[in-house]
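[1] Quick check, what structure comes out for this input:
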Amino acid sequence: MALRVSPSILCNCNCNATPSASHNNANSLSSHALHASYIRRAVELADKSAGFTSPHPNFGCVIATPSGKVAGEGFLYAQGTKPAEVLAVEAAGQLSRQATAYLNMEPGDCHGDHSAVSALVQGGVERVVIGLRHPLQHLRGNAIRALRSQGLQVEVLGEDLNSKLMEEARKSCLLANAPLICRAASRVPFSVLKFAMTLDGKIAASSGHASWISSKTSRNRVFELRGRSDAIIVGGNTARRDNPRLTARHGGGHMPMRIVMTQTLDLPEEANLWDTSDVSTIVVTQRGARRSFQKFLASKGIEVVEFDILNPREVMEYFHDRGYLSILWECGGTLSAAAISSGVIHKVFAFVAPKIIGGKNAPSPVGELGMVEMTQALDLIDVCYEQVGPDMLVSGFLQPIPDLTPVIPSVDETYEIDPTVTPYESRIIFFYKTWDPYGAFSNFSPHPIKMLDVDGDYSTWLSVEHYYQVLPFSA
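    Here you go, the predicted model:
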């Protein structure tokens, strides 16, 4: 039976297993069940910030007293806010003394008075249970070593704690930060393909009319998915036919960037996507396509990016370099098929409505993949089924979450990006040209950053470009 943890972690194995072992290991099973429940709670907390912490991980922390009572909880709200561990210790107060801290992931910050490690040490926590080592190589194990050096007992699921319960709890930790793990391993943003279809597999009638296939409840879920993403991508056909807004207006999350992918740039002059009062739009197209229309888009404040070869793989590699962590694909069958064939889609969300529309020429969610036998069909992994209003939501991974240590470019590899720049030439050039600690190409990152100013205090900049442009005029 599947367990719904949150909109993004729709499926976990049922961890309420009934112990069938002998009396001798009953206490061990009971202890593991307790650890697993607190780790899953840390995952739930971490998932609350999905979309706000990008491109950084989602962190959650639970502080439990020796008697098993939850004394404090916390999660990383967004970039630049207090670490989850600091918030949890503050909430627990004196009850954090001799307590156990449960973390869904090893912290990335180990230094300073306000770091996760110092909070746990100064709070008097005696034991730390960690669901997952940090997936980025240069941060992996640092906090664990720092905590152990301070005398804390640290146990990691799958290493120090092994059982079916621990395995399932660890899997939930992987799911909570699947975008970070998959992006770092595959060198493209974590991509989710979303579509709504009728029971007979149609995404529109033969006329093209598609409003609405799914229920309002399902559409609200889509707003939640959008709010968890850095960007939403559609093709030219969807932009022309549906005139979408692609906002997360009801999801409670941030407003993701909107991306239109079109070979010919055959798009209308009047479109909701050209309204950038609330959120920006980027159009990616073939080099040389409709220069006059490119100028029109520029006059509307739309960024146009040209590619010599326009395909999903090239586009996703480009947005990886711009620091995007996760992208939601809401395109039609043609672009969906191209994205799947390019190997950039990691997960699928399919909303199936209990309707039949028929139609020989009615479009389907995925176009031609070149498969001629059912044995060639792509099987989803970790499939989950959930009823959403009258609809059925089927979700699953097209690619397994890699349980490995992704490699962040070294200084030498960074130097190869621009051989004319010496990495330590100056603090501006080094920051502008290098990779940030989470694998985002810093000068293209769409996220706000915090940098030391001339007084030694941290200032927030809307983007790296803001910092780069303003700093030369200071001092």
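[2] show me where the stretch 151-300 of the chain has helices.
    Using DSSP state H, counting those that start in this stretch, the helices found in the stretch 151-300 of the chain span residues 164-176, 178-186, 216-227, 236-242, 291-299.
[3] Phe223: how many residues sit nearby?
    Phe223: 16 surrounding residues under other CB atoms under 10 Å. C-beta here means a position set from N, CA and C on the backbone, and glycine is covered the same way.
[4] neighbours around Ile181, how many?
    When neighbours are defined as other CB under 10 Å, Ile181 has 24 of them.
[5] Quick one: residues contacting it.
    Residues near Ile181 by CB atoms under 8 Å, 6 or more residues apart in numbering: Pro135, Leu174, Ile401, Pro402, Pro406.
[6] State the pLDDT value of it.
    Per-residue pLDDT puts Ile181 at 89.
[7] gap between it and His134?
    Look at Ile181 and His134: by CB to CB, to the nearest Å, they are 10 Å apart.
[8] How about Leu152?
    Counting by CB to CB, the separation of Leu152 from His134 is 17 Å.
[9] coming back round to it: lowest-confidence stretch among the helices of the stretch 151-300 of the chain?
    What stands lowest among these, in mean pLDDT terms, is helix 178-186, with a mean of 87.
[10] for the record, mean pLDDT for stretch 128-147?
    Here stretch 128-147 scores 89 as its mean pLDDT.
[11] buried set for that stretch?
    Across stretch 128-147, burial judged by 16 or more other CB atoms under 10 Å covers 128-136, 139-140, 142-144, 146-147.
[12] just stretch 232-247 next, same as before
    For stretch 232-247, burial by neighbour count (16+ other CB under 10 Å) applies to 232-242, 244, 246-247.
[13] Send me that stretch as PDB with only the CA atoms.
    Output in PDB follows, covering the C-alpha atoms of stretch 232-247 (Å, rounded to 0.1, in the frame of the first residue of the first chain):
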ATOM      1  CA  ILE A 232       7.800  25.300 -16.700                       C
ATOM      2  CA  ILE A 233       8.400  24.400 -20.400                       C
ATOM      3  CA  VAL A 234       5.900  24.200 -23.200                       C
ATOM      4  CA  GLY A 235       6.200  23.900 -27.000                       C
ATOM      5  CA  GLY A 236       5.100  26.200 -29.700                       C
ATOM      6  CA  ASN A 237       1.900  24.200 -30.300                       C
ATOM      7  CA  THR A 238       0.800  24.500 -26.700                       C
ATOM      8  CA  ALA A 239       1.500  28.200 -26.700                       C
ATOM      9  CA  ARG A 240      -0.500  28.800 -29.800                       C
ATOM     10  CA  ARG A 241      -3.400  26.500 -29.000                       C
ATOM     11  CA  ASP A 242      -4.000  27.000 -25.300                       C
ATOM     12  CA  ASN A 243      -2.600  30.500 -24.700                       C
ATOM     13  CA  PRO A 244      -1.500  29.400 -21.200                       C
ATOM     14  CA  ARG A 245      -0.400  31.600 -18.300                       C
ATOM     15  CA  LEU A 246       1.700  28.900 -16.600                       C
ATOM     16  CA  THR A 247       1.500  30.500 -13.200                       C
END
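[14] Surely Leu335 forms part of a helix?
    Yes: judged by DSSP: H, G, I helix; E, B strand; the rest coil, Leu335 forms part of a helix.
[15] pretty sure it contacts Val315?
    No: counting by CB atoms under 8 Å, Val315 is not a contact partner of Leu335; they are 10.3 Å apart.
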